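Trainee: what's the 3D shape of this:
(2 chains)
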Number of protein chains: 2
Amino acid sequence: MWPKLRFQLKGRVMNAQFPDLPNRVAIAHRAADAAAKVTLQWFHAPLIADNKRQDGFDPVTIADRDAETAIRALLAEEAPDDAILGEEFGASSGRSGWRWVLDPIDGTRAFITGIPLWTTLIGLEKDGEPVLGLIDQPYLRERYVGTPEGAQLLRGAEAPECLHIRHTEKLTTAVLMCTTPHMFNPAEAAAFQQVSDAARLTRFGADAYAYAQLAAGRVDLVIEAGLQLFDIAALIPVVRGAGGVFTDWRGGQNFAAGQVIAASSAGIAAEAQVALHRSAR
Amino acid sequence: MWPKLRFQLKGRVMNAQFPDLPNRVAIAHRAADAAAKVTLQWFHAPLIADNKRQDGFDPVTIADRDAETAIRALLAEEAPDDAILGEEFGASSGRSGWRWVLDPIDGTRAFITGIPLWTTLIGLEKDGEPVLGLIDQPYLRERYVGTPEGAQLLRGAEAPECLHIRHTEKLTTAVLMCTTPHMFNPAEAAAFQQVSDAARLTRFGADAYAYAQLAAGRVDLVIEAGLQLFDIAALIPVVRGAGGVFTDWRGGQNFAAGQVIAASSAGIAAEAQVALHRSAR
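Mentor: Just a heads-up that it's a prediction; the model follows:
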């Protein structure tokens, strides 16, 4: 369904640093294809009556599990020595130094409500460093891919489109996104509000798709909290590949507390950190 | 681009009541096609640097104006005796008893941020009664249409799909949507929070697309405030056509204050009104 990423001249540098990466990029695409078959089958499926749902029937639960199962089956075949961390089935160890980090459906509320902004997140780390990220929205046929080489948007068979953040230097001209104000504790909410008051506009409700739009140059800042590692891992290479900045609320790289800043410039990220670092955990 | 709505046997009743409606349904589709040509041209267009935007260059402003101009040009040709109320160019009078109510781009923040949940809203009233509603999302190729006959989803050349709300009777099992918690004044926000606390889940950020998902049976309740008539007119026939309930916060039909409840059942609407009516204006 999706063409392999082609690594051009510049790719030789990356290939030298991560010689096994191009092969794993191709595996990631096949994994996303496998997940898409499952998720699209259940997206827009009617919810069965409540009593049945309590017996375990919930389209998003089934889709989440089956999609991760499909990805894991593919990885077991094609990258059996890699470790995996997945939202649904936890951690399995490997011995290659590579670890796949999976969120088969990021944005379950979007999925449930028919909103095509949920995504399948496939991240890949080498010795703990996020190297490949894939944000897939198969209903829109949009797949955002990031590596140290750069970031691209793939739409079906169309030619890949290179993604670049836009150059916005000041928070007062920035467009801010966040999935929901309910994701913050009271201290975080106050800090977020301070940033939101300064920004040009704030919009809620896009989950990982917001980071993809930042990479595509349409959003300048995403601030979130309460995220899990499997929500985050795939985002980092996409945002950085497009030229963006990705930090925790202190400006560092410790995402264990689930607090994230993604920004189109170091200047905007720094302005956001001024408000956010006091609520950093 | 879109097939005409076919009025089946049951349609004879409606045709007797509104003999000019089928023709105007066809006009509405052509108007939406004309608007889509403009909006799709500007959606995802890069924002030009800030200083230029202050000179008037703003893709969403241009798209909004040009889309309404395109619709008005078509209506001037095909329904010259109808009145028009549009977001961008205000009111023009007519003498046929029909009035078109237009919001060329509902969800400008979605449009700006690359989120494909903005819609073109085309409503049509006969002697003040909303009779036809069209919610068009051309990037997704989804067009939701409601008349007294019912509601349908049209996807390009595919066969129309009849829309029906799902049967959810209690607020505690309901999925609630709302564009942003910032649309409420403090009293409204407190009332909304009360409903949100009781609902099964709440999701923000879908503008008019939320009402389309309610009609499609994926959302049970939409509560909003601060809306204008041109935000509302097209929604009513879609929600009612699918079997839903559409009222103000008192349970009446006075939308001048911009407070709206759309629900999949009278029971859920009544539960919401208990919390909301004290903040009704």
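Trainee: Setting the sequence-adjacent residues aside, check what's closest to the residue of the stretch 101-250 of chain A found nearest chain B.
Mentor: Proximity of the stretch 101-250 of chain A to chain B (C-beta to the nearest C-beta) peaks at A:Gly205, 2.0 Å away. (Glycine included, C-beta is placed from N, CA and C.) Once flanking residues are discounted, A:Gly205 sits nearest to B:Gly205: 2.0 Å by C-beta to C-beta, 6 or more residues apart in numbering or on different chains.
Trainee: if we can go back for a sec, what's the neighbour count on the residue of the stretch 101-250 of chain A closest to chain B?
Mentor: Neighbourhood size, A:Gly205 [other C-beta atoms under 10 Å in any protein chain shown]: 29.
Trainee: Check A:Leu21 too.
Mentor: 23.
Trainee: Now do it against chain B, distance only.
Mentor: From A:Leu21 over to chain B the distance is 28 Å, taken as C-beta to the nearest C-beta, to the nearest Å.
Trainee: I'd assumed A:Leu132 was in contact with that residue.
Mentor: Yes - using C-beta atoms under 8 Å, A:Leu21 is in contact with A:Leu132, at 6.6 Å.
Trainee: what touches both of these two?
Mentor: A:Thr147 (C-beta atoms under 8 Å, 6 or more residues apart in numbering or on different chains).
Trainee: which residue packs closest to A:Met183, ignoring adjacent ones?
Mentor: Spatial nearest neighbour of A:Met183, excluding adjacent residues (C-beta to C-beta, 6+ apart): A:Gly226 at 4.7 Å.
Trainee: before we move on, what about A:Ala174?
Mentor: Nearest to A:Ala174 is A:Asp220, by C-beta to C-beta, 6+ apart, at 3.7 Å.
Trainee: A:Ser92 too?
Mentor: Spatial nearest neighbour of A:Ser92, chain neighbours left out: A:Ile84 (4.8 Å); criterion: C-beta to C-beta, 6+ apart.
Trainee: Count the neighbours of that neighbour for me.
Mentor: A:Ile84: 21 neighbours (other C-beta under 10 Å).
Trainee: so who does it touch?
Mentor: Residues near A:Ile84 by C-beta under 8 Å, 6+ apart: A:Arg72, A:Leu75, A:Ala91, A:Ser92, A:Gly94, A:Arg99, A:Trp100, A:Val101, A:Leu102.
Trainee: now with 7 Å?
Mentor: A:Arg72, A:Leu75, A:Ser92, A:Arg99, A:Trp100, A:Leu102 (C-beta atoms under 7 Å, 6 or more residues apart in numbering or on different chains).
Trainee: wait, isn't the fifth one in contact with A:Asp81?
Mentor: No - counting by C-beta atoms under 7 Å, A:Trp100 stays clear of A:Asp81, with 11.4 Å between them.
Trainee: Tell me which of the two has more neighbours.
Mentor: A:Trp100 (27 against 9).
Trainee: for the more buried one, which residues make a bridge with it?
Mentor: For A:Trp100, the beta-bridge partners are A:Ile84, A:Leu124 (DSSP bridges).
Trainee: Spell out which parts of the stretch 1-150 of chain A neighbour chain B.
Mentor: Selection of the stretch 1-150 of chain A residues close to chain B by C-beta under 7 Å from any C-beta of the partner chain yields A:Pro46, A:Asp50, A:Arg109, A:Ala110, A:Ile112, A:Thr113, A:Gly114, A:Ile115, A:Pro116, A:Leu117, A:Leu140.
Trainee: Would you agree the residue nearest to A:Met183 falls within a strand?
Mentor: No - according to DSSP: H, G, I helix; E, B strand; the rest coil, A:Gly226 belongs to no strand; its state is coil.
Trainee: what about it, neighbour count?
Mentor: A:Gly226 has 16 nearby residues by other C-beta under 10 Å.
Trainee: Could you tell me the phi and psi values at it?
Mentor: A:Gly226 adopts backbone torsions of phi 70, psi 20, taken as degrees, to the nearest 10.
Trainee: Next: A:Arg95.
Mentor: Torsion angles, degrees, to the nearest 10, at A:Arg95: phi -140, psi 10.
Trainee: And it, how close does it get to A:Ser196?
Mentor: For A:Arg95, the distance to A:Ser196 equals 45 Å [C-beta to C-beta, to the nearest Å].
Trainee: Would you confirm that A:Ile268 contacts A:Thr173?
Mentor: No - applying C-beta under 7 Å, one finds A:Ile268 not in contact with A:Thr173, separated by 9.0 Å.
Trainee: For those two, work out which one has more neighbours and name it.
Mentor: The residue with more neighbours, out of A:Ile268 and A:Thr173, is A:Ile268; 26 against 15, by other C-beta under 10 Å.
Trainee: secondary structure element for the more buried one?
Mentor: Here A:Ile268, judged by DSSP states H and E, is contained in helix A:266-276.
Trainee: Likewise for A:Pro46?
Mentor: Using DSSP H and E, A:Pro46 falls within no helix or strand.
Trainee: Let me see the contact set for it.
Mentor: A:Pro46 neighbours (C-beta under 7 Å, 6+ apart): B:Arg166, B:Gly217.
Trainee: Great, nothing more from me.
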